[in-house]
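S.K.: My questions are about this predicted structure, shown below with the sequence.
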Amino acid sequence: MDTLFRFISVRPLPEAPPSLELALKAESDFQRRLESAASAEKPRTQAVASAQAFLDSAAAVNRVADLNHGVALLELNERLAGAAAVTPEYAAQAIASVFGEPPGTISASQSFRDDASRVRDTLIASYLLARAPAAGKELASAMRMIGLIEAAAGQLTRTRLT
């Protein structure tokens, strides 16, 4: 076991490929405050203070059901979890069935973008404060469903163009 730890301690960390870098979209006040914290004298302190302020605000998500599309996101998650296999076509059909609109229409709506921003901000703030959000599992599921809808919208656009 000692050899394993010695190997880990001397091995250089692999560099993350550029495609895996996480970038803030600066689509919310919280994300803009995090961007400005990077150039502050004490960036970590300012980022943590911004995260705490966000989690104390009404914008933080305490229950996924309180989102504009929260109930639909939870229903979509359950529907996909119960499926034997999820293909891109099945996912697009499930999204349209649950939301009543195709993925491209949903992802373009302001209410959906607001939900996505609030969930993302809540998860980022919780991470910065090193504590699990109150609705942690639900928030993670909602973020996965938001990502799926955004991906389905992009994939459907490419499919139509070819």
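M.R.: Cool, got the structure.
S.K.: and residue 53, how far is that from residue 128?
M.R.: Counting by C-beta to C-beta, to the nearest Å, the gap from residue 53 to residue 128 is 11 Å. No exception for glycine: its C-beta is placed from N, CA and C like everyone else's.
S.K.: got it, and residue 60?
M.R.: From residue 60 over to residue 128 the distance is 13 Å, taken as C-beta to C-beta.
S.K.: how many neighbours does residue 128 have?
M.R.: 19 (other C-beta atoms under 10 Å).
S.K.: backbone phi and psi for it, please?
M.R.: Torsion angles at residue 128 (phi, psi; degrees, to the nearest 10) stand at phi -60, psi -30.
S.K.: swap in residue 129?
M.R.: Main-chain torsions, residue 129, degrees, to the nearest 10: phi -90, psi 0.
S.K.: SS state for the residue lying closest to it once chain neighbours are set aside?
M.R.: Leaving aside its sequence neighbours, residue 129 sits nearest to residue 51 (C-beta to C-beta, 6 or more residues apart in numbering; 5.2 Å). Classification of residue 51 by DSSP: H, G, I helix; E, B strand; the rest coil places it in helix.
S.K.: end to end, how far does stretch 63-78 reach?
M.R.: One end of stretch 63-78 sits 16 Å from the other (C-alpha to C-alpha, to the nearest Å).
S.K.: How about it, which residues are buried there?
M.R.: Across stretch 63-78, burial judged by 16 or more other C-beta atoms under 10 Å covers 64, 67, 69-70, 72-77.
S.K.: and the next element down the chain from the helix-or-strand element of the chain with minimal mean pLDDT?
M.R.: None of the helices or strands of the chain scores lower by mean pLDDT, DSSP states H and E than helix 2-10, at a mean of 45. As assigned by DSSP states H and E, the chain's next helix or strand after helix 2-10 is helix 29-37.
S.K.: So what's the gap between that next one and the chain middle?
M.R.: Relative to its parent chain, helix 29-37 has a centroid offset of 17 Å by C-alpha atoms, centre = their mean, to the nearest Å.
S.K.: Give the other helices and strands that it contacts.
M.R.: Here helix 29-37 touches helix 43-56, helix 110-128, going by 3 or more C-beta pairs under 8 Å, 6 or more residues apart in numbering; DSSP states H and E.
S.K.: outside of stretch 117-131, which residues touch it?
M.R.: 25, 27-28, 30-31, 34, 47-48, 50-52, 54-55, 59-61, 64, 67, 132-133, 136, 139-140, 142-143, 146 (C-beta atoms under 8 Å, 6 or more residues apart in numbering).
S.K.: Many thanks, I have nothing further to ask.
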